[in-house]
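**Student:** what's the 3D shape of this:
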Amino acid sequence: MAPQYEDEYVKARTVLLDALGALGDHRSSAILVGAQAIYIHAGEATFGMAPYTTDADIAINPRSLNKKPPIEQAMKNAGFRHGEQPGIWLGTDNIQVDLLVPESVGGPGRRSARLEGHSKRTARKVDGLEGVLVENQIETISSFRADDDRRFDILVAGPAALLVAKLYKVWERRAEPRRLENKDAADIFRLLQAIPTDKLIAGLAKLRSDPIAATVSANAMDFLQRLFGETEGLGINLLRAAVEGLDDPDVAAASCLELAKDLIQAANDLGL
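**Tutor:** Residues are numbered from 1 along each chain as shown. Below is the predicted model:
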């Protein structure tokens with residue numbers, strides 16, 4: 001029986017499947033990231049906020065990506081159209097799918113990823129996403145609708161890589177309040193709450209041992225301390241706002257603070 005989720009999340013999963021179908025042979029170079037990947041690892045919330053998102057994020061690994069066929073044409077053939085920025089694709093009901101490339105392997109330029117054989121508007125460079133190239137695993141992605149039997153076996157970013165990417169997202173937006181989203185803090189708390197500390201540490205150790213992800217994973221631990229390791233940290237305050245009306249904000253904040261401190265201490269003990 002298909003899980004019961006909010007209609008917007010069901011639509012976001014449907015459009016994700018549309019995009020995966022459009023990518024065709026390029027799917028082997030695609031890695032699911034963002035909230036939909038987090039929910040695969042973390043499952044249902046225990047603090048009142050059910051899994052929910054209105055879009056989908058897919059990282060592209062340029063090191064394994066085929067030059068043909070052009071992704072831009074494949075996406076357009078599947079009914080997607082360009083959004084305002086490179087890498088933003090709009091599908092059915094204007095639901096957004098972001099095609100992203102880690103900054104350090106995205107080539108020259110400021111925003112557009114340079115992918116040989118593909119348009120500059122195909123994908124967008126994002127800092128902090130490097131870890132998803134290192135920590136990932138095959139998962140089966142299926143629809144939440146009973147009348148949709150599509151299934152794809154694709155790479156899904158691991159929990160440590162997703163934690164790093166989310167921490168980067170919040171940190172980089174800290175000076176632009178209008179771009180901050182309470183939900184990002186809730187997703188970070190979800191990972192800290194659902195994934196055992198030793199598993200996150202194992203993932204972080206893997207990232208630190210790989211040249212492509214070492215720097216971003218080290219930076220993320222600093223961001224975790226600054227955002228979620230202090231009672232009035234920005235991340236803690238965003239979390240309070242996220243759970244308001246769903247759970248006790250003080251309880252959620254205290255729990256998140258304790259989990260963050262446990263992870264920071266474990267990382268420090270291992271020199272991570």
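
**Student:** which stretches of the stretch 51-200 of the chain have low pLDDT?
**Tutor:** Within the stretch 51-200 of the chain, the set of residues satisfying pLDDT under 70 is empty.

**Student:** how about the strands in it?
**Tutor:** Secondary structure of the stretch 51-200 of the chain (DSSP state E, counting those that start in this stretch): strands located at 55-60, 81-82, 88-90, 96-102, 124-126, 136-142, 151-157.

**Student:** most packed of those?
**Tutor:** Each of the strands of the stretch 51-200 of the chain was assessed for mean neighbour count using mean count of other C-beta atoms under 10 Å. The highest is strand 55-60, with a mean of 26. Quick note: C-beta positions are derived from backbone N, CA and C, even for glycine.

**Student:** would a markdown table of the strands of the stretch 51-200 of the chain with distance to L167 be doable?
**Tutor:** Below are the strands of the stretch 51-200 of the chain laid out as a markdown table (distance: least, C-beta to C-beta, whole Å):
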| stretch | distance to L167 |
| --- | --- |
| strand 55-60 | 15 |
| strand 81-82 | 29 |
| strand 88-90 | 22 |
| strand 96-102 | 15 |
| strand 124-126 | 13 |
| strand 136-142 | 18 |
| strand 151-157 | 14 |
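
**Student:** For A186, which of those is the nearest?
**Tutor:** With distances scored as C-beta to C-beta, the stretch of the strands of the stretch 51-200 of the chain nearest to A186 is strand 55-60 (15.6 Å).

**Student:** Can you list the strands that that closest one pairs with?
**Tutor:** Note on strand 55-60: by DSSP bridges, its sheet partners are strand 30-33 (antiparallel), strand 96-102 (parallel).

**Student:** Would you reformat these as a markdown table and include distance to S142?
**Tutor:** Putting the strands paired with strand 55-60 into a markdown table (distance: least, C-beta to C-beta, whole Å) gives the following:
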| stretch | distance to S142 |
| --- | --- |
| strand 30-33 | 12 |
| strand 96-102 | 17 |
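
**Student:** Now the nearest residue to V164 once chain neighbours are set aside: which helix or strand?
**Tutor:** In space, and not counting its chain neighbours, V164 is closest to A220: 4.1 Å by C-beta to C-beta, 6 or more residues apart in numbering. Secondary structure from DSSP states H and E places A220 in helix 214-228.

**Student:** Which elements pack onto that helix?
**Tutor:** Contact here means 3 or more C-beta pairs under 8 Å, 6 or more residues apart in numbering; DSSP states H and E; on that basis helix 214-228 packs against helix 159-172, helix 182-194, helix 197-208, helix 234-243, helix 249-269.

**Student:** hang on, the earlier thing: per-residue confidence for the residue nearest to V164?
**Tutor:** The predicted local confidence for A220 comes out at a pLDDT of 97.

**Student:** Next: L272.
**Tutor:** With respect to pLDDT, L272 has a value of 81.

**Student:** any idea how far it lies from S209?
**Tutor:** Counting by C-beta to C-beta, to the nearest Å, the separation of L272 from S209 is 10 Å.

**Student:** These two: who's more crowded?
**Tutor:** L272 (18 against 12; other C-beta atoms under 10 Å).

**Student:** show me the contacts for that one.
**Tutor:** Contact criterion C-beta atoms under 8 Å, 6 or more residues apart in numbering gives 201, 204-205, 208, 217-218, 221 as the residues in contact with L272.

**Student:** hang on, the earlier thing: looking at the helices and strands packed on helix 214-228, which is buried most?
**Tutor:** By mean neighbour count, with neighbours taken as mean count of other C-beta under 10 Å, helix 159-172 ranks first of the helices and strands packed on helix 214-228 at a mean of 25.
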